[in-house]
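Asker: Predicted model, plus sequence, below.
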Amino acid sequence: MSLFTPNTTPIFLKEDSDTSQQIARLKELHAQATGKLKDDIARELSLVSYGEVGEKNIAFELKNSGMPMCIIHDLHLQHEDLTAQIDYVVVTRKLVFFIECKNLYGNIEIDNQGNFVRSYPWNGRTVREGIYSPITQNQRHLEVYRQLRLAKATNPIKRLGFQSGFDNFHQSIVVLANPKTVLNAKYAKKDVKDRVIRADQLINHIKNQNKKSKELASSEKAMQAWAEKILALHQPLASDYTQKYEAILTGVTVAAPAPPKTCSAPLPESEKAAVRETDDVTYTVSSPQNDDLIARLKAYRLATSRKENVQAYVVFNNQQLENLITQKPKTLADLQRLPGFGPVKTEKYGPAILAVINPAKQYDEKPPKADQNPRWSPSQLVGEKVNHQSFGTGTVKSVSRHEIIIKFPATARSFAFPDVFETTIWLTNPALQQKVEALIGVSKG
């Protein structure tokens, strides 16, 4: 007997996810919080809830696809120090689709370089920000799966067959699940356009790709067996994305991460408010002196960012603000010893920052000169801890001439080296941070 009513009944091998638990806990924390923290949790809750709604929209489309398929929701994979969290895996009789669901609040623009820019209203303003490419993200998930399967393949012939046919048999799709999202991809390359679709186009896309495929159609029994092999690789994650808010509510000092890097393209006059003070603040032990200094430093940061038409965290981010409050540097040399304040940033912003911290003193000194021939190798960064403004704390896994790979709790990410150290990440080791920034200065000099 067939496992399906032919061509009509998909099977969910895994339909649950941990998103519902996360939302429930965020609601509890929101009820306990007050002031700015309550607003931060509300924003997080809104974004997570949008994500859950998007995944349910995709589930609805798949359940009503009218074709035989096996579906795995929220698949977690781990291979050595690499992890992947895949929203949906859809196994059909010919192909396997890895689906990244994006139920993004707001509209999406994709430029000719494949960069994704999101714009959305928040608290009466229009926020415009760059987001990590979901195409790249999903491709890395697919690569983790490939490496994991190869590692488990003991038969050399099967291993070779899997490797040679992998790209033909597996496809990556990014699905925009919010029906209100406007996608502007007119400048995107065809390869990018073909991999980013709306939820209402998903089933037609799957059917069309199966028709185009030259792979032999498997039986429905073989299809389910293949899907069950994929599901057997699932490893539940222990990550708790509410931990930062729980720590704050229990009195632990936590530096909230800065917002994702925003688009630097010129904005229309109506959107100028998007060049703004960051919404995520650093939570510190409050005192009248600290409160006054925080207000003055943030006022300087906001004024400078507006003058230069950059995001506030480019001047200094929330973690660096925390360090300025606790360390209160008195000289440019003191300032340059803080994480994230290399020679370039210290020379540009240092005198003004010190003047804010110590208004009675005049600062006309020069920052210490960077070592123009730093005697170290970027390979020394391997194993070092870094802080990322969006992904939190990670560990450097490898460094090459132009790329650095960092392992975060939920995933591994690749960044341009050493440029990423100018704005997005910083090392917890101040000495190495200065060496990296010196390297940036030499490369630009």
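Answerer: Received the coordinates, thanks.

Asker: For the stretch 1-150 of the chain, which residues score under the pLDDT cut-off?
Answerer: By pLDDT under 70, the weakly predicted segments of the stretch 1-150 of the chain are 1-8, 50, 105.

Asker: Can you report how many residues lie near Gly165?
Answerer: Look at Gly165: counted by other CB atoms under 10 Å, it has 11 neighbours. The way it works is simple: take the backbone N, C-alpha and C, and place the C-beta from them, glycine included.

Asker: What distance do you get for it to Ile206?
Answerer: Using CB to CB, to the nearest Å, we find Gly165 at a distance of 19 Å from Ile206.

Asker: who does the lengthiest helix in the chain touch, helix- and strand-wise?
Answerer: The helix that spans the most residues within the chain, counting by DSSP state H, is helix 35-63. Where contact means 3 or more CB pairs under 8 Å, 6 or more residues apart in numbering; DSSP states H and E, helix 35-63 is packed against helix 19-32, strand 70-79, strand 82-91, strand 96-102, helix 202-212, helix 243-249.

Asker: helices or strands up against the fourth one?
Answerer: Just to be clear, that refers to strand 96-102. Packed against strand 96-102 by the contact rule (3+ CB pairs under 8 Å, 6+ apart) you find helix 35-63, strand 82-91, helix 134-152, strand 170-176, helix 202-212.

Asker: Which one, of the ones you listed, ends up nearest to Gln380?
Answerer: Gln380 lies closest to strand 82-91 among the helices and strands packed on strand 96-102, at 22.1 Å (CB to CB).

Asker: Only alpha carbons, please: show that closest one as CSV.
Answerer: This file holds the C-alpha atoms of strand 82-91, laid out as CSV (Å, rounded to 0.1, in the frame of the first residue of the first chain):
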residue,chain,number,x,y,z
LEU,A,82,29.7,24.0,13.1
THR,A,83,25.9,24.2,13.6
ALA,A,84,22.9,24.8,11.4
GLN,A,85,19.3,25.5,12.2
ILE,A,86,17.1,24.9,9.1
ASP,A,87,13.5,26.1,9.0
TYR,A,88,12.2,23.5,6.6
VAL,A,89,13.6,20.5,4.7
VAL,A,90,11.2,19.3,2.0
VAL,A,91,12.0,15.9,0.4
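
Asker: what are the pairing partners of that strand, and which direction each?
Answerer: Applying DSSP bridges to the sheet, strand 82-91 is found paired with strand 70-79 (antiparallel), strand 96-102 (antiparallel).

Asker: okay, the ones you listed, which one's buried deepest?
Answerer: The highest average neighbour count among the strands paired with strand 82-91, using mean count of other CB atoms under 10 Å, belongs to strand 96-102 at a mean of 23.

Asker: got the angle for it vs helix 35-63?
Answerer: 150 degrees (axes from the mean of the first three to the mean of the last three CA atoms, to 10 degrees).

Asker: Can you name the next helix or strand after strand 96-102?
Answerer: Next along the chain after strand 96-102, taking DSSP states H and E as the criterion, comes strand 107-110.

Asker: could you point out which element follows that following strand?
Answerer: Sequence order places strand 116-122 as the next helix or strand after strand 107-110, per DSSP H and E.

Asker: name the helices or strands packed onto that next one?
Answerer: Using 3+ CB pairs under 8 Å, 6+ apart, strand 116-122 is in contact with strand 107-110, strand 125-131.

Asker: List the buried residues in it.
Answerer: Within strand 116-122, the residues that count as buried by 16 or more other CB atoms under 10 Å are 116-120.

Asker: ok, back up a step: ok, which of the helices and strands packed on strand 116-122 comes nearest Ser65?
Answerer: Of the helices and strands packed on strand 116-122, nearest to Ser65 by CB to CB is strand 107-110, at 24.4 Å.

Asker: partners of that closest one in the sheet?
Answerer: strand 116-122 (antiparallel), strand 183-184 (parallel).

Asker: Off-centre distance for the first one?
Answerer: Meaning strand 116-122. A distance of 15 Å separates the centroid of the chain from that of strand 116-122, by CA atoms, centre = their mean, to the nearest Å.

Asker: quick check: angle from it to helix 134-152?
Answerer: 120 degrees.

Asker: CA atoms only: put strand 116-122 into PDB for me.
Answerer: Taking Å, rounded to 0.1, in the frame of the first residue of the first chain, the C-alpha atoms of strand 116-122 are listed here in PDB:
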ATOM      1  CA  PHE A 116      19.700  42.700   1.500                       C
ATOM      2  CA  VAL A 117      18.200  45.900   3.000                       C
ATOM      3  CA  ARG A 118      15.200  46.000   5.200                       C
ATOM      4  CA  SER A 119      13.100  49.000   6.000                       C
ATOM      5  CA  TYR A 120      10.300  49.100   8.600                       C
ATOM      6  CA  PRO A 121       8.500  51.500  10.900                       C
ATOM      7  CA  TRP A 122       9.300  51.500  14.600                       C
END
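
Asker: Run the angle between it and strand 170-176 for me.
Answerer: Going by the same axes, to 10 degrees, strand 116-122 makes 30 degrees with strand 170-176.

Asker: now strand 116-122 against strand 125-131, angle please.
Answerer: Using the same axes, to 10 degrees, the direction of strand 116-122 lies 160 degrees away from that of strand 125-131.

Asker: Hmm, Gly392 and Pro409 touching each other?
Answerer: Yes: applying CB atoms under 8 Å, one finds Pro409 in contact with Gly392, separated by 6.9 Å.

Asker: can you put the strands paired with strand 82-91 in a markdown table and add distance to Lys14?
Answerer: Shown next, in a markdown table, are those (distance: least, CB to CB, whole Å):
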| stretch | distance to Lys14 |
| --- | --- |
| strand 70-79 | 5 |
| strand 96-102 | 13 |
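
Asker: rewinding a little: do you know which of the helices and strands packed on strand 96-102 lies nearest Ala222?
Answerer: Closest to Ala222 of the helices and strands packed on strand 96-102, according to CB to CB: strand 82-91, at 10.1 Å.

Asker: who's in contact with the closest residue to Glu15 other than its chain neighbours?
Answerer: Computed as CB to CB, 6 or more residues apart in numbering, the closest residue to Glu15 that is not its neighbour in sequence is His73, at 5.3 Å. When contacts are counted by CB atoms under 8 Å, 6 or more residues apart in numbering, His73 touches 12, 14-17, 55, 59, 87-88.
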